[in-house]
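A.B. asks: Pasting the sequence and the predicted coordinates here, then a few questions.
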Amino acid sequence: MASSSTRGAAIDLRSVSKHYGSFIALDKVSLHIEPGEFMTLLGPSGSGKTTTLNVIAGFTEVSSGSLDVGGKSVIGVPAHKRNIGVVFQHYALFPHMTVSRNVAYPLTLRGIANPDRAARMRKALDMVKMADFGHRFPSELSGGQQQRVALARAIVFDPPLLLMDEPLGALDKKLREWLQLEIKRIHRELGTTFVYVTHDQEEALVLSDRIAVFNQGRIEQIGTGRQLYDEPETLFVGKFVGDSTILRGAASTSGNETALEIEGRKVAAAKRLPNGAKPVMLLRPEKLSLARRGKGGQDRNTLPGRIGEAIYLGSGSKYEVVLADTSKAIVRSTLDAETFAIGDEVDLVFAGSDVKLLADDENADFTLT
Amino acid sequence: MATRAIDSRDTVPAVAADDRRRWFRGQAFWLVAPALLLLVICLGLPLAIVTLRSFSEPQWGWQNYAWFFGTPVNLTVLQRTFAISAWVTLVCLIAGYPYAYVMTAVGPKIRLILILCVLVPFWVSGVVRTLAWVILLQDSGVINSVIRAVGLSPVKLIRTQTGVVIGMAQVLLPFMILPLYSVMKTIDLRLMQAARSLGASPARAFAQVYLPLSLPGVYAGAIIVFILALGFYITPALLGGPRSTMLSTLIQNQVLSLLNWGRGGAMGVVLLIATFVLLALAAPLSRQPYKTGSRR
Amino acid sequence: MKQPGRILLGLYCLLVAVWLVAPTIVVVPMSFNEKKSLAFPPSGFSWQWYQNFFTSPEWSASLIGSLKVAVVTAVFATVIGTLAAFGLDRMKSRVSGVLRALLITPMVVPGVVLAVGIYAVYLDTRLVGTMTGFVLAHTMLAVPFVIIAVSASLEVFDKRLETAAASLGATRLTAFRTVTLPLIAPGILSGLLFAFVTSFDEIIVALFITSPYLKTLPVQIFSSITRDADPTVAAVGTLLFITTSLVIGAGLLIGSRQGKR
């Protein structure tokens, strides 16, 4: 959870809303971030995560609600007086200044004179491993190098809070994975509170102490990566974080058990939704297994299907199984398990205890473009 | 992973800047106000007076317009003004289109030289350039010296319509080349390769792919050249003779020599209306309807 | 494209380039003519026309007049045009589109019509032949060029950099001074240059509002050409050509040095 150091600032958003005309960008968002915590705001495009970041940074004024940073309200405080570091996706390095001058810029604005300024600048560039590039102009650097300079510029004035808006979004996969580790290291060394915006759930899982999942201007769930993956509270979270198989069918409940009927087959779990919402079943890929048709155990839930896609992953295989109702299941199997080919008739097997029972929600769909 | 690049629009704090812009919006008008005031005083007022006098001098009415359209000489000059402008536009287009294309196709060094050649005419005052054309075109001038040296009989160029067109086209050529170039450099040359690979001959690929994409530049260049040519004064005055007088010279003559503000004003209004009607008709053509990927 | 086609196209361009450049070059030999004639080819060699340009009060007065008008015009036009470009940039696009079109009309209004109108206004307000009169008219003609130049650099200026500066602690004014201004300075500078050249080169309005007391160089050149074949004009043309070439050469050199960024 939170880092041992206490240099970071706590953030408290209470019932923050933001309207643009009739469009509601943020709808009563409440979020508490511990000092020194690495909090990721995760969600699809237009979900409100960036608006939340802009509200904290002071680029956007809230329509209603309260916002405290480090225990003090910052409503109405302009961005340049908030003393918050921001790293942008597009780097936003000043093209007419060298790397050194870019990093020294916030220090100059704070009236910090030279021996001290140069020392702090060097320390920040050292931290991002860009000390040898001080005399270069941003246009002479690669994307990854530019982003590291931008990071140095955002931390050089020791802000108690660092905001990062998809900082790795413009970089390729290998570079991203390496910089994720760098960011984690810097977070550990600084002990500053980090708020990180991304749409990439894997990135969120790698980096964060906790993750807030945004959808349509609201927070669906706040929790650690494990909590979001193992115990999703909403269908949206279940679908957005990690791979998942969703089963829908005619529901019936008896006692403490919920059953779904899918094309004549019944599957059941010893769970119940508290209210009368329409239940769906969510299963993680590693909780599903495959058997040749008719060879599945009778004690567990089975559904007939056909292999639609078989992907070899190196560490195992991933299958897409087309079920009788044309919905698709995603199954991950280990190397030593039986392998299947496209078109094979199989049974999808799972234990009732591994089922997550969630309320159906038509707003749970998101588009990736 | 599947969750790779989601639309980056929401990651850009454009929304954020929106709040700041609103603050500016009230002030934005005041930033433009001095320019508008100047425009009203030095453009609006003069044009209003010209228009007013065309109706009020020597007395109220349409008399000056009736005179203008009722005098064959004026109509001849009006027609000639349009004809010369059309010729100049055509010459500029024929000379400028291949030139602009080559500018996009060569390496950066040659491109710089070609651009400098386009800009050189701007380096020297327009009057001096016209003088140069007098030197070049006169009966004992450079061009006729060359013609004589080759053994042909000299051509009358100065004080002819041909001379005026040659001189004006040279002065206006940059206004054709620059818009053409700015459109052409956005055309992805790989589209031509694509057309070729799909079975088009080079000529077809040009006619069906390149030409349509370059048309906005052609229209933009042609409009500006034609409109500037309509109002040309110095070059026709110095290179032209009585048989190549253009409307501007006639206006100047009415006002400065004959002190007839009414007739001069009416001619001015006719020229002004012709200009703006053309502009309004042709402006929509020069908008680039398709955005092609920039090559750089 | 096949080779012969390429060569043909190259030759064609060369021809167009010669056509563009030749008239500028042809005045150079004429300026050293020994006789008072503009006939080609010139005969002999003499510096007398340069001497005449610098010693004749008529010519030097017109040069000084032109420089004065052009410098003041350039300053006014740059200030007014830059403000307007910023204003247009911060407006809603529909409003700014209309205003931009309006502010650029001086570029397309036929020169003589405008000159007649300005002459009429100046006769009534006694501005004919005055510095104020010249600067007002020339500023109006030069502002569009400044607006175009500054707008172009504002368009490529990444406004998100201002947001970044704010996050680093810069007030709006500081952000403007340290980030916006340095980045659009080339646009403002080229606007200034355009404004200067526009005024320095302007002749049609100048012909109407000139007086024996204030004459600009183009007017002097024009009356010299229409009066007699005086090679001093060629000397002026040559001097202008050399001066501009030097300025542009220096600009290219500085530009290429900064271009590394």
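C.D. replies: Now that the structure is in, tell me what you want to look at.

A.B. asks: Can you spell out which helices and strands pack onto the helix of greatest length in chain A?
C.D. replies: The single longest helix within chain A, with elements called by DSSP state H, is helix A:173-190. Counting contacts by 3 or more Cβ pairs under 8 Å, 6 or more residues apart in numbering or on different chains; DSSP states H and E, the secondary-structure elements packed against helix A:173-190 are helix A:143-155, strand A:193-198, helix A:201-207. For glycine as for every other residue, the C-beta is placed from the backbone atoms N, C-alpha and C.

A.B. asks: Comparing those, which comes out most buried?
C.D. replies: Highest mean neighbour count of these: strand A:193-198, a mean of 27 (counted as mean count of other Cβ atoms under 10 Å in any protein chain shown).

A.B. asks: do that one and chain B meet?
C.D. replies: Yes - counting by Cβ under 8 Å from any Cβ of the partner chain, chain B has neighbours in strand A:193-198: A:V197.

A.B. asks: what's that strand in contact with?
C.D. replies: If you take Cβ atoms under 8 Å, 6 or more residues apart in numbering or on different chains as the criterion, strand A:193-198 is touched by A:8-11, A:33-42, A:49-50, A:52-53, A:56, A:160-169, A:183, A:187, A:204, A:207-208, B:11.

A.B. asks: Up against chain C, what does the stretch 201-350 of chain A have?
C.D. replies: Of all the residues in the stretch 201-350 of chain A, none lies near chain C, going by Cβ under 8 Å from any Cβ.

A.B. asks: give me the residue from the stretch 201-350 of chain A nearest chain C.
C.D. replies: Using Cβ to the nearest Cβ, the point where the stretch 201-350 of chain A gets nearest to chain C is A:L207, with a distance of 20.7 Å.

A.B. asks: I'd guessed that residue sits against A:L41; true?
C.D. replies: No - counting by Cβ atoms under 8 Å, A:L41 is not a contact partner of A:L207; they are 11.5 Å apart.

A.B. asks: Can you list the low-confidence ranges for chain A?
C.D. replies: Applying pLDDT under 70 to chain A picks out residues A:1-6, A:296-299, A:367-369.

A.B. asks: Near the residue in it that chain B sits nearest to, how many other residues are there?
C.D. replies: Taking Cβ to the nearest Cβ as the measure, chain A has A:F59 as its residue closest to chain B, at 3.1 Å. Burial of A:F59 is recorded as 28 neighbouring residues (other Cβ atoms under 10 Å in any protein chain shown).

A.B. asks: Surely it and C:A166 touch.
C.D. replies: Yes - counting by Cβ under 8 Å, C:A166 is a contact partner of A:F59 at 7.5 Å.

A.B. asks: Spell out which residues are contacts of both of these two.
C.D. replies: Listed contacts common to A:F59 and C:A166 are A:A79; contacts here mean Cβ under 8 Å, 6+ apart.

A.B. asks: Could you find the closest non-adjacent residue to C:A84?
C.D. replies: What sits nearest to C:A84 in space, not counting adjacent residues and going by Cβ to Cβ, 6 or more residues apart in numbering or on different chains, is B:A35, at 3.9 Å.

A.B. asks: go on, A:A351?
C.D. replies: What sits nearest to A:A351 in space, not counting adjacent residues and going by Cβ to Cβ, 6+ apart, is A:R300, at 5.5 Å.

A.B. asks: now do C:F200
C.D. replies: Leaving aside its chain neighbours, C:F200 sits nearest to C:A70 (4.1 Å; criterion: Cβ to Cβ, 6+ apart).

A.B. asks: elements contacting the helix or strand encompassing the one you found?
C.D. replies: Of the helices and strands defined by DSSP states H and E, C:A70 is found in helix C:57-89. Packing partners of helix C:57-89 (3+ Cβ pairs under 8 Å, 6+ apart): helix B:14-39, helix C:48-55, helix C:93-104, helix C:131-156, helix C:181-201, helix C:217-227.

A.B. asks: Including mean pLDDT, could the ones you listed go into a markdown table?
C.D. replies: As requested, these are exported to a markdown table (pLDDT from 0 to 100):
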| stretch | mean pLDDT |
| --- | --- |
| helix B:14-39 | 69 |
| helix C:48-55 | 90 |
| helix C:93-104 | 88 |
| helix C:131-156 | 94 |
| helix C:181-201 | 90 |
| helix C:217-227 | 89 |
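
A.B. asks: For the helix or strand where B:R196 lies, buried residues please.
C.D. replies: B:R196 is part of helix B:190-197 when elements are defined by DSSP H and E. By neighbour count, with 16 or more other Cβ atoms under 10 Å in any protein chain shown as the criterion, the buried positions of helix B:190-197 are B:M192, B:A195.

A.B. asks: now swap in stretch A:342-362 and tell me
C.D. replies: The neighbour-count check on stretch A:342-362 (16+ other Cβ under 10 Å) flags A:344, A:346-350, A:352, A:354-359, A:361 as buried.

A.B. asks: starting at the chain centroid, how far to it?
C.D. replies: Relative to the centre of its chain, stretch A:342-362 is centred 24 Å away, using Cα atoms, centre = their mean, to the nearest Å.

A.B. asks: For chain A, which residues are neighbours of chain B?
C.D. replies: Within chain A, the residues that sit near chain B (Cβ under 8 Å from any Cβ) are A:20, A:25, A:44-47, A:49-51, A:54, A:57, A:59-61, A:88-90, A:165-166, A:169, A:197, A:199-202, A:368-369.

A.B. asks: from those residues, which would you call buried?
C.D. replies: The neighbour-count test (16+ other Cβ under 10 Å) applied to the residues of chain A next to chain B identifies A:25, A:44-47, A:49-51, A:54, A:57, A:59-60, A:88-90, A:165-166, A:169, A:197, A:199-202 as buried.

A.B. asks: Which of the residues you listed fall in helices?
C.D. replies: Secondary structure assignment by DSSP H places A:K49, A:T50, A:T51, A:N54, A:A57, A:Q201, A:E202 of these in helices.

A.B. asks: what's the farthest-apart pair in these?
C.D. replies: A:A57 and A:E202 (25.1 Å; Cβ to Cβ).

A.B. asks: Apart from its chain neighbours, what residue comes closest to B:T275?
C.D. replies: Excluding the flanking residues, the one nearest B:T275 by Cβ to Cβ, 6+ apart is B:I227, at 5.5 Å.

A.B. asks: which SSE is the one you found in?
C.D. replies: Per DSSP H and E: helix B:211-230 holds B:I227.

A.B. asks: May I see the buried residues of that helix?
C.D. replies: Within helix B:211-230, the residues that qualify as buried are B:213-214, B:216-230, counting by 16+ other Cβ under 10 Å.

A.B. asks: what packs against it?
C.D. replies: By 3+ Cβ pairs under 8 Å, 6+ apart, helix B:211-230 packs against helix B:72-105, helix B:161-184, helix B:261-282.

A.B. asks: so what does the longest one touch, helix or strand wise?
C.D. replies: This points to helix B:72-105. Using 3+ Cβ pairs under 8 Å, 6+ apart as the contact criterion, the elements in contact with helix B:72-105 are helix B:63-70, helix B:108-123, helix B:161-184, helix B:211-230, helix B:247-252, helix B:261-282, helix C:3-30.

A.B. asks: between it and helix C:3-30, how big is the angle?
C.D. replies: Here helix B:72-105 runs at 120 degrees with respect to helix C:3-30, directions being taken by axes from the mean of the first three to the mean of the last three Cα atoms, to 10 degrees.

A.B. asks: ok, how many other residues are close to whichever residue of the stretch 1-150 of chain C sits closest to chain A?
C.D. replies: When you check the stretch 1-150 of chain C against chain A by Cβ to the nearest Cβ, the closest residue turns out to be C:K92, at 14.2 Å. Under the neighbour criterion other Cβ under 10 Å, C:K92 is assigned a count of 10.

A.B. asks: What separation is there between it and A:F23?
C.D. replies: When Cβ to Cβ, to the nearest Å is applied, the distance between C:K92 and A:F23 equals 18 Å.
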